[in-house]
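**Q** Let's see this in three dimensions:
(4 chains)
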Amino acid sequence: MAEFRLTDEAIDVPALRREIELSGQGAIVTFEGVVRDTFEGRRVVRLEYEAYPPMATKQMDRLFCEVEERFGVERLLVVHRLGLVPEGEAAIAILAASPHRREAFGAAAYTIDRIKEILPVWKKEHYEDGEVWVESSGVRRATGPGDAPLDGAD
Amino acid sequence: MAEFRLTDEAIDVPALRREIELSGQGAIVTFEGVVRDTFEGRRVVRLEYEAYPPMATKQMDRLFCEVEERFGVERLLVVHRLGLVPEGEAAIAILAASPHRREAFGAAAYTIDRIKEILPVWKKEHYEDGEVWVESSGVRRATGPGDAPLDGAD
Amino acid sequence: MKIQIKAFAAIREVLGASELELELVEGARVQDALEALSAEHPALREIPCGFGIAHEYVGPDHPLKDEDELALLPPVGGG
Amino acid sequence: MKIQIKAFAAIREVLGASELELELVEGARVQDALEALSAEHPALREIPCGFGIAHEYVGPDHPLKDEDELALLPPVGGG
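**A** Predicted coordinates for the structure are as follows:
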């Protein structure tokens, strides 16, 4: 069982945890990426994600195969939020379950690393005075007429 | 904030997650070690943990310092359950929060590795026909008169 | 031939549309589609662009065929 | 001198008690306490034993003093 979902609603991690709970799994590792409300001291007033859903699903299917090959972990749940995400809420949750802890840690860490490389999802930060697209590398890219591009490590 | 607790009750991970939730933390990694009800095909009818609580607390304080030095992670919650633990419930939960995911993963994985080496906590598996102490290495050690020692990797 | 362009995030904003149709000569490749759009929208040259066809990543040399849907993918930022 | 022994898990079961008092000669070390107990409970020799004093791990050469509390710690299995 490996499953990927996109959602417009708050990610209910305890509910996901109950889904993944089956006997025989000794280790469960959960990763949550929570949105922060400041970047280099500037207040982020609004943060939103957009995706290319069918491509995201296809890329995640491939990633699940990679994870199973590398870590022997089949029990993975990945949920990514889209649209506006309030500060302090999770943009992503990854749950990996395995009989042994190293595989569960490895699977969860590898999954988020690869997601940041290949998942067709984009994040926009809105400030009081402009907006930028935030890339996984930390690069901030402005496209609006009044916005100067920003750069910074995330 | 780093805190260690021993408890006789079911570990409420969502409640721990709410405790650790504070702004500025981008990554939260949760590890749960869940008890399994079979070992090499033998059914574990009862599983219990005992601890040396004041020494456990002192050793965890030291471990928290190590984790902060190595990973810069100060936000750690570790809860270990004592007494009887029903199958499918968590014996331990570790939550690590950090602005960046690598440190949160590293802190949680290192913490459970070290706990398995140094935390004065012991686990006993009761079978239909005997009981054994289960060491972190996977060695099963019987002390009762009718019990033959078992060995196996965990 | 005619292909469908799907544009996301920064590229969508530069193009001013999330979907558009593009007429290309037979034998055109992905890179030719990007060139055609960049000629009209020079700001597109500022944005590193990845490509997707049939929901798979493809390179700039990937050949296009009539009715392909070509996704223009700026650097991702999910997770 | 007199010390307090605290025994856990498999070692507690072999000793048949979780706490007991032990009389040792002055200058005795941790290893001497274990020897004294093993003489009475030979099964103790089968179990790898770690030691704690004042809630810190100590080695078998660690000197003992009157009223020390010596914890006998079989291999741990928490987590």
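
**Q** helix/strand/coil for the closest residue to A:Leu84 other than its chain neighbours?
**A** Nearest residue to A:Leu84, sequence neighbours excluded (C-beta to C-beta, 6 or more residues apart in numbering or on different chains): A:Glu48, at 5.0 Å. For the C-beta atoms, the positions are set from N, CA and C on the backbone; glycine is no exception. For A:Glu48, the secondary structure call by DSSP: H, G, I helix; E, B strand; the rest coil comes out as strand.

**Q** and A:Glu48, how many neighbours does it have?
**A** A count of nearby residues for A:Glu48, using other C-beta atoms under 10 Å in any protein chain shown, gives 17.

**Q** Repeat that for the one 5 residues further on.
**A** When neighbours are counted by other C-beta under 10 Å, A:Pro53 registers 15.

**Q** quick one, what contacts it?
**A** Contact analysis of A:Pro53 by C-beta atoms under 8 Å, 6 or more residues apart in numbering or on different chains lists A:Leu6.

**Q** cool, C:Tyr57 as well?
**A** If a contact means C-beta under 8 Å, 6+ apart, then C:Tyr57 has A:59, A:118, C:50-51, C:73 as its contacts.

**Q** And for A:Ala91?
**A** By C-beta under 8 Å, 6+ apart, the contact set of A:Ala91 is A:33-35, A:49, A:80-81, A:85, A:123, C:78-79.

**Q** what's the answer for A:Leu95, then?
**A** A:13, A:16-17, A:20, A:28-31, A:75-78, A:108.

**Q** Residue of chain A nearest chain C, please.
**A** When distances are taken as C-beta to the nearest C-beta, chain A reaches nearest to chain C at A:Val121, 2.8 Å away.

**Q** Let me have the contacts of C:Tyr57 in TSV, adding secondary structure as columns.
**A** Formatted as TSV, these follow (three-state DSSP):
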residue	secondary structure
A:Gln59	helix
A:Ile118	helix
C:Gly50	strand
C:Phe51	strand
C:Leu73	strand
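
**Q** In TSV: those, plus pLDDT.
**A** Formatted as TSV, those follow (pLDDT from 0 to 100):
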residue	pLDDT
A:Gln59	98
A:Ile118	97
C:Gly50	98
C:Phe51	98
C:Leu73	98
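
**Q** from those residues, which is closest to C:Gly27?
**A** C:Phe51 (17.0 Å; C-beta to C-beta).

**Q** returning to what we had before: is the residue of chain A closest to chain C bridged to anything, and to what?
**A** Per DSSP bridges, the residues bridged to A:Val121 are A:Ala51.

**Q** That one reaches A:Ala56, doesn't it?
**A** Yes. Using C-beta atoms under 8 Å, A:Val121 is in contact with A:Ala56, at 6.3 Å.

**Q** of the two, who's got more company?
**A** Neighbour count, other C-beta under 10 Å: between A:Val121 and A:Ala56, A:Val121 has more, with 28 against 24.

**Q** give the contact list for that one.
**A** A:49-52, A:56, A:80, A:82, A:115, C:76-79 are the contacts of A:Val121 under C-beta under 8 Å, 6+ apart.

**Q** Just read off the phi/psi values of A:Thr57.
**A** A:Thr57 adopts backbone torsions of phi -60, psi -40, taken as degrees, to the nearest 10.

**Q** nearest spatial neighbour of it, skipping sequence neighbours?
**A** Using C-beta to C-beta, 6+ apart and skipping the chain neighbours, the partner closest in space to A:Thr57 is A:Phe4 (6.0 Å).

**Q** Please name every helix or strand in contact with the top helix by length along chain C.
**A** Longest helix of chain C, by residue count under DSSP state H: helix C:30-40. If you count contacts as 3 or more C-beta pairs under 8 Å, 6 or more residues apart in numbering or on different chains; DSSP states H and E, helix C:30-40 packs onto strand C:2-7, strand C:19-23, strand C:50-53, strand C:69-73.

**Q** near chain C, anything from the helix or strand encompassing A:Glu131?
**A** Following DSSP states H and E, one finds A:Glu131 within strand A:130-134. Yes. Strand A:130-134 is in contact with chain C by C-beta under 8 Å from any C-beta of the partner chain, via A:133-134.

**Q** how far is the worst-scoring helix or strand of chain A on mean pLDDT from where the chain is centred?
**A** Sorting the helices and strands of chain A by mean pLDDT, DSSP states H and E puts strand A:38-39 at the bottom, at a mean of 78. Centroid displacement of strand A:38-39 relative to its chain, using C-alpha atoms, centre = their mean, to the nearest Å, is 18 Å.

**Q** strands paired with it, and their directions?
**A** When pairing is defined by DSSP bridges, strand A:38-39 lines up against strand A:42-51 (antiparallel).

**Q** could you check the angle strand A:130-134 makes with the partner strand?
**A** Interaxial angle, strand A:42-51 versus strand A:130-134 (axes from the mean of the first three to the mean of the last three C-alpha atoms, to 10 degrees): 50 degrees.

**Q** quick one: the residue of chain A closest to chain C from chain B, how far?
**A** As judged by C-beta to the nearest C-beta, to the nearest Å, A:Val121 and chain B stand 16 Å apart.

**Q** related to what we said a few turns ago, which of the contacts of C:Tyr57 ranks first by neighbour count?
**A** Neighbour counts for those (other C-beta under 10 Å) peak at A:Gln59, which has 24 neighbours.

**Q** now the residue of chain C found nearest chain B, what's its secondary structure?
**A** Nearest residue of chain C to chain B (C-beta to the nearest C-beta) works out as C:Gly79 at 8.5 Å. Recorded secondary structure, C:Gly79: coil (three-state DSSP).
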